[in-house]
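K.L.:
fold the following for me, if possible:
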Amino acid sequence: MRRRTTTAQINAALPMMEVIKAEYYNKDTYTTTAIDTATFTENLQFLAESGKLTDCMGWTYEKNPGSKSEYIIESGRMNQESNAFVIAWMRLYDGVGMDEVEKMLLMKEED
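P.N.:
Next up is the predicted model:
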């Protein structure tokens, strides 16, 4: 099940996970472009450090059904107005529990 998260929360969880694959998909041309994992991480960290916009990004995440220690994160797929989206596969480092990462990623609704 997909759940909402923010750039800041993904960035906070980065020390517990590694980006194993990242892609940019264009909905208009149906093309996929690989993103270097170091570049993806650098760009994500830049967004997280940029200020208030970190909470406005439309990220979702879910456990990878084909793995016990991976997550799939996305931004833009569910946005009807966007013609592109980003998807990344992240793997937990050894010794890191899914519950620990889940608490960091899950967006808390404020009253």
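K.L.:
could you use CA atoms for every contact and neighbour count after this?
P.N.:
Noted.
K.L.:
report the beta-bridge partners for E62.
P.N.:
Judged by DSSP bridges, the bridge partners of E62 are I72.
K.L.:
my read is that it contacts E74, right?
P.N.:
No. Proximity of E62 to E74 does not meet the contact threshold set by C-alpha atoms under 8 Å, at 9.0 Å.
K.L.:
more neighbours: which of those two?
P.N.:
Ranked by neighbour count (other C-alpha atoms under 10 Å), E62 and E74 place E74 first, with 22 against 17.
K.L.:
thought the more buried one was touching F85?
P.N.:
Yes. If you go by C-alpha under 8 Å, E74 and F85 touch, sitting 7.1 Å apart.
K.L.:
what sits closest to the residue nearest the centre of the chain if chain neighbours are left out?
P.N.:
Within the chain, one residue has its C-alpha closest to the average C-alpha position: by C-alpha atoms, centre = their mean, that is I73, at 3.3 Å. Leaving aside its sequence neighbours, I73 sits nearest to Y61 (C-alpha to C-alpha, 6 or more residues apart in numbering; 4.3 Å).
K.L.:
give me the neighbour count for that neighbour.
P.N.:
23.
K.L.:
isn't it up against T5?
P.N.:
Yes. With contact defined as C-alpha under 8 Å, Y61 counts as touching T5 (6.9 Å).
K.L.:
what residues are shared contacts of those two?
P.N.:
Overlap between the neighbourhoods of Y61 and T5 consists of L105, taking contacts as C-alpha atoms under 8 Å, 6 or more residues apart in numbering.
K.L.:
quick one: the helices in the chain, in order.
P.N.:
Taking DSSP state H to define them, one finds helices in the chain at 7-13, 37-49, 98-105.
K.L.:
return the most buried member of those.
P.N.:
The highest mean neighbour count among the helices of the chain, using mean count of other C-alpha atoms under 10 Å, belongs to helix 7-13: a mean of 21.
K.L.:
rounded mean pLDDT for that one, please.
P.N.:
For helix 7-13, the mean per-residue pLDDT is 92.
K.L.:
show me what that helix is packed up against.
P.N.:
Helix 7-13 is packed against helix 37-49, helix 98-105, with contacts defined by 3 or more C-alpha pairs under 8 Å, 6 or more residues apart in numbering; DSSP states H and E.
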